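Colleague: Quick one, structure for this:
(chains A and B)
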2 protein chains.
Amino acid sequence: MLNKKNLRHLMVAAAAAFAMPAMAQQNYAQDSATIKKIYDNALTSFESYENLRYLTKQIGARLSGSPQAAAAVEWSRQVMEDMDLDRVYLQPVMVPHWVRGDKEIGRITNSKLIGTADAPICALGGSVGTGEAGLSAEVVEVKNFEELEKLGKKNVKGKIVFFNRPFDNTLVETMGAYGGAVDQRGGGPVAAAKLGAVGVLVRSMTNDFQDVPHTGNTRYADGVAKIPAAAISTNGAEQLSKLLKNDPNLKFYMRMTSETLPDVLSYNVIGEIKGTERPDEIIVVGGHLDSWDLGEGAHDDGTGCVQSIEVLRLMKDLGIKPKRTIRAVMFMNEENGLRGGLKYAEEAKSKGEKHIAAIESDAGGFTPRGFGIEGSDAQLQQVLTWKPLLAPYGLHNIGEGHGGADIGPLKGQGTVALIGFKPDSQRYFDYHHTAIDTFEQVNRREVQLGAASMASLVYLLSEYGLNGTTAKAQK
Amino acid sequence: MLNKKNLRHLMVAAAAAFAMPAMAQQNYAQDSATIKKIYDNALTSFESYENLRYLTKQIGARLSGSPQAAAAVEWSRQVMEDMDLDRVYLQPVMVPHWVRGDKEIGRITNSKLIGTADAPICALGGSVGTGEAGLSAEVVEVKNFEELEKLGKKNVKGKIVFFNRPFDNTLVETMGAYGGAVDQRGGGPVAAAKLGAVGVLVRSMTNDFQDVPHTGNTRYADGVAKIPAAAISTNGAEQLSKLLKNDPNLKFYMRMTSETLPDVLSYNVIGEIKGTERPDEIIVVGGHLDSWDLGEGAHDDGTGCVQSIEVLRLMKDLGIKPKRTIRAVMFMNEENGLRGGLKYAEEAKSKGEKHIAAIESDAGGFTPRGFGIEGSDAQLQQVLTWKPLLAPYGLHNIGEGHGGADIGPLKGQGTVALIGFKPDSQRYFDYHHTAIDTFEQVNRREVQLGAASMASLVYLLSEYGLNGTTAKAQK
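Modeller: Just a heads-up that it's a prediction; the model follows:
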């Protein structure tokens, strides 16, 4: 039936077809058929899911510098070596080596109301320890840095600063809520230490009310005392906040033996299919291989890694010979240093490589909703001409957006567009950086659909490039 | 920035505004603000989630005719009584009363290859039992009714027919895969019994590979022997199928003590806010209160019930005075009889009530994707004029579709449009009709977003009605 919706899609397609002087004529029927094949294969293959099972269950958590991170490098190298790609290689990079040490102890003490109660905490990544004896101090709660500044040294000195600004739950996309709260985690220790605080507690970065604390990186600054910093679970934060209202002189005891060891040699792991027509034009699809040391790094970012490998597998399995070069990159050290992403961009620049697009999957293995494009308006418009091919698979949400941390350093190299794969965001911060980010939380079909979505976009990019001329001509 | 997308939305809005001779002039800015208030409230209120917790954890599974179903009726009546609605009432309806009896036993026996092995089964709803001793017979596997017919009486008589057609995993929407497989569950026993089979095993209705069997209703026909019918878990089905290839004479032992008792009096539970301008025009929003007797009926359909109640709560809490009457209906007996839906439609007809739209949430409490409209093309076009108001909340998928089982019997009463709420479908059949459809599988925000989506559409329907004149004028 030729209804209005179909008609609009046809008109978009027709407009695109007439307006492609500088591009290969797009064959929508053929592209549509190829994309259908990609989805059919991805949805009936267990490869990506079983790869995820191995990475999470056999290797597990793999913080940069850990033996498990090395295992993940070797495993992903072997998986891609078995795929008959044109090239599989390691890109050496020195990474930070922070270790958590003993399981942390967090405890409310000296409370007039409840006496003593354990509170679930975990050291923030990069944090110094408390020493073997731990530290005990009164707590001062703030919601933001302005409140902290107002309190001033006299109210902060010798205390633990408790940053307790929650996620804004009214934001439909949870990434926005994270963005609005995470400054506390990154900037808390420096701001607190400047006022003489002895420790920091940060409310866990999640929409949910849980007993599990969420780790994540924090920062120190030269010339400012490095004080121990921990995340406290949201339930713990609620309890502590409630008590403090009537019991401002309670104390909090925290013990952490975390420390930073010397840097360690590690690697980005790269697999490549050479383009048949324009091998010098490179499309990256990637995720990060490292994870936090809690849980299994399933949604963050095991799924991004296995989906990126799956993109190459789909090309090989379906006999698609991409016109441009496709690289799956497992970046190392996204979580606490971004050294892999920086190294990749540095090497690309020094070799004079021409990247046309880089897609990152680092928002969890949930049902695909679309892509965020960080590029020129013309590039965005060109991707939008493909929406009729992608929307039938649930990819409605295509627009301006953030590419991703690992691919970020490529920005400005030639005309490269950075593209963030956007899955459904509702559950991501239930698991993010926690002990419960495990294989069991991942739905097989959601991961498969993500891989197929990425492969479909990579296919279109490899066929038509991304110089945006289509869109320019349309304007 | 006025980009193409904004421009198109504005043009749709403008077209709608100019083409509304028979309707109230639509105020997009005001509607947009109201919808934002609805979402903000829903996403920060724990009411719907805590209602779901009570329904699933304190009441639990609530098959028609069970004491728990009666508890759910009284609970939902009390919840709505506390909401200061214009009217809360029960609609009596006689419902079937089937009971599962003892936990079922399923066992592969007499296998040359493995000897004996338990296989997870559960009786299909409505099935007769096997008698205390159980039944043991050889198994014949088929993928569909055509295969069964070809086998004929000589190969089927005295045996258990094993329907083992899997879901088509290439379908992106899992509802389609369910629709393509569920004929085996409903029609299996009659087709098998006609050829002299003594029992039926049906592969569980799921995309996943699991040990948990999925129940669901089956049917018998007058004049055809009623033979026991069970679902077997997908892992069990895979094992049985594999064994049968090399071991066709193995036997299967099944024991079920299920039985159908006399009908029981139960109720639809209805809460109502009277319309201020057109109280005679009714908008229904509903889910079904009964569930299967396994698990807790969380996604099926506890979420639909608490979301429907939440629609009324949002109206009250935000001080929205709907122009048309809004009814939240908890239908009884969707799972094994549809008596509540039939009764509701029958009463509506006999009272001469004028329903303009009915929305059902019975596809799980997952992230909203859109609505399926079962109505005239003009009605669909009118709803599509609201897409610019709904798409910012992720409701992209608005189009023709299936309304829902409980509201289905209203079809043809006046101009009523039946509208199915469409959440993400990937995980639904992981839990559907099983022991693992529990509260823990539900994400708070996903349920909240669903309630807000439904409330937003109900609000627009209550403001503007749904006679489709907008769209007609646009054509």
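
Colleague: Run through the residues of chain A sitting next to chain B.
Modeller: Within chain A, the positions lying close to chain B (CB under 8 Å from any CB of the partner chain) are A:3-5, A:39-40, A:43-44, A:169-170, A:172, A:174, A:207-208, A:367, A:369, A:377, A:381, A:384, A:391-394, A:396-397, A:399, A:424, A:426-427, A:430, A:443-446, A:449. All C-beta atoms are positioned from the backbone trio N, CA, C, and that covers glycine.

Colleague: Mind checking which of the residues you listed land in strands?
Modeller: If you go by DSSP state E, the residues of chain A next to chain B have A:369, A:397, A:399 in strands.

Colleague: Which member of the residues you listed is positioned nearest residue A:278?
Modeller: If you rank those by distance to residue A:278 using CB to CB, residue A:399 comes first, at 27.1 Å.

Colleague: Double-check the closest one against residue A:369; I have them as touching.
Modeller: No: the criterion here is CB atoms under 8 Å, and residue A:399 misses it with residue A:369 at 10.9 Å.

Colleague: More neighbours: these two, which one.
Modeller: When residue A:399 and residue A:369 are compared for neighbours, residue A:369 comes out ahead with 24 against 16, by other CB atoms under 10 Å in any protein chain shown.

Colleague: remind me, longest helix of chain A?
Modeller: Secondary structure of chain A per DSSP state H: the longest helix is helix A:444-464.

Colleague: and it, C-alpha only, in PDB?
Modeller: Extracted in PDB, the C-alpha atoms of helix A:444-464 (Å, rounded to 0.1, in the frame of the first residue of the first chain):
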ATOM      1  CA  ARG A 444      21.200 -12.000  23.500                       C
ATOM      2  CA  ARG A 445      18.900 -10.400  21.000                       C
ATOM      3  CA  GLU A 446      19.700  -6.900  22.100                       C
ATOM      4  CA  VAL A 447      23.400  -7.400  21.600                       C
ATOM      5  CA  GLN A 448      22.800  -9.100  18.200                       C
ATOM      6  CA  LEU A 449      20.600  -6.200  17.100                       C
ATOM      7  CA  GLY A 450      23.300  -3.700  18.100                       C
ATOM      8  CA  ALA A 451      25.900  -5.500  16.100                       C
ATOM      9  CA  ALA A 452      23.600  -5.600  13.100                       C
ATOM     10  CA  SER A 453      22.800  -1.900  13.400                       C
ATOM     11  CA  MET A 454      26.500  -1.100  13.500                       C
ATOM     12  CA  ALA A 455      27.300  -3.400  10.600                       C
ATOM     13  CA  SER A 456      24.500  -1.900   8.500                       C
ATOM     14  CA  LEU A 457      25.800   1.600   9.000                       C
ATOM     15  CA  VAL A 458      29.400   0.500   8.400                       C
ATOM     16  CA  TYR A 459      28.300  -1.200   5.200                       C
ATOM     17  CA  LEU A 460      26.600   2.100   4.000                       C
ATOM     18  CA  LEU A 461      29.700   4.100   4.900                       C
ATOM     19  CA  SER A 462      31.900   1.600   3.100                       C
ATOM     20  CA  GLU A 463      29.800   1.800   0.000                       C
ATOM     21  CA  TYR A 464      29.300   5.600  -0.200                       C
END
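
Colleague: hang on, the earlier thing: which among the residues of chain A next to chain B end up buried?
Modeller: Buried members of these, counted by 16 or more other CB atoms under 10 Å in any protein chain shown: A:39-40, A:43, A:169, A:172, A:174, A:207-208, A:367, A:369, A:377, A:381, A:384, A:391, A:393-394, A:396-397, A:399, A:424, A:426-427, A:430, A:443-446, A:449.

Colleague: Checking the most centrally placed residue in chain A next. Helix, strand or coil?
Modeller: Nearest to the mean C-alpha position of chain A, by CA atoms, centre = their mean, lies residue A:362 at 3.3 Å. Here residue A:362 is recorded as coil under DSSP: H, G, I helix; E, B strand; the rest coil.

Colleague: measure it to chain B for me?
Modeller: In this view, residue A:362 and chain B are 19 Å apart by CB to the nearest CB, to the nearest Å.

Colleague: List the backbone torsions phi and psi for that residue.
Modeller: phi -150, psi 40 (degrees, to the nearest 10).

Colleague: my guess is it meets residue A:338, correct?
Modeller: No: between residue A:362 and residue A:338 there is no contact under CB under 8 Å: 11.6 Å.

Colleague: Can you mark which positions in stretch A:86-95 are buried?
Modeller: A:88, A:90, A:91, A:93, A:94, A:95.

Colleague: Run through who's touching stretch A:348-355.
Modeller: Contacts to stretch A:348-355, defined as CB atoms under 8 Å, 6 or more residues apart in numbering or on different chains, come from residues A:280, A:281, A:282, A:283, A:284, A:347, A:410, A:413, A:414, A:416.

Colleague: now, which of these lie within strands?
Modeller: Among these, the residues falling in strands (DSSP E) are A:280, A:281, A:282, A:283, A:284.

Colleague: Just confirm the third one contacts residue A:322, I think it does.
Modeller: No: the pair residue A:282 / residue A:322 is not scored as a contact, 10.7 Å apart, by CB under 8 Å.

Colleague: I'd like the distance between residue A:330 and chain B.
Modeller: Relative to chain B, and taking CB to the nearest CB, residue A:330 is found at 25 Å.

Colleague: err, residue A:91, not the other one
Modeller: Between residue A:91 and chain B the computed distance is 35 Å (CB to the nearest CB).

Colleague: Where do the helices of the stretch 101-250 of chain A begin and end?
Modeller: A:145-156, A:174-179, A:183-194, A:234-246 (DSSP state H, counting those that start in this stretch).

Colleague: among those, which is the most enclosed?
Modeller: helix A:183-194 (a mean of 22; mean count of other CB atoms under 10 Å in any protein chain shown).

Colleague: Many thanks, I have nothing further to ask.
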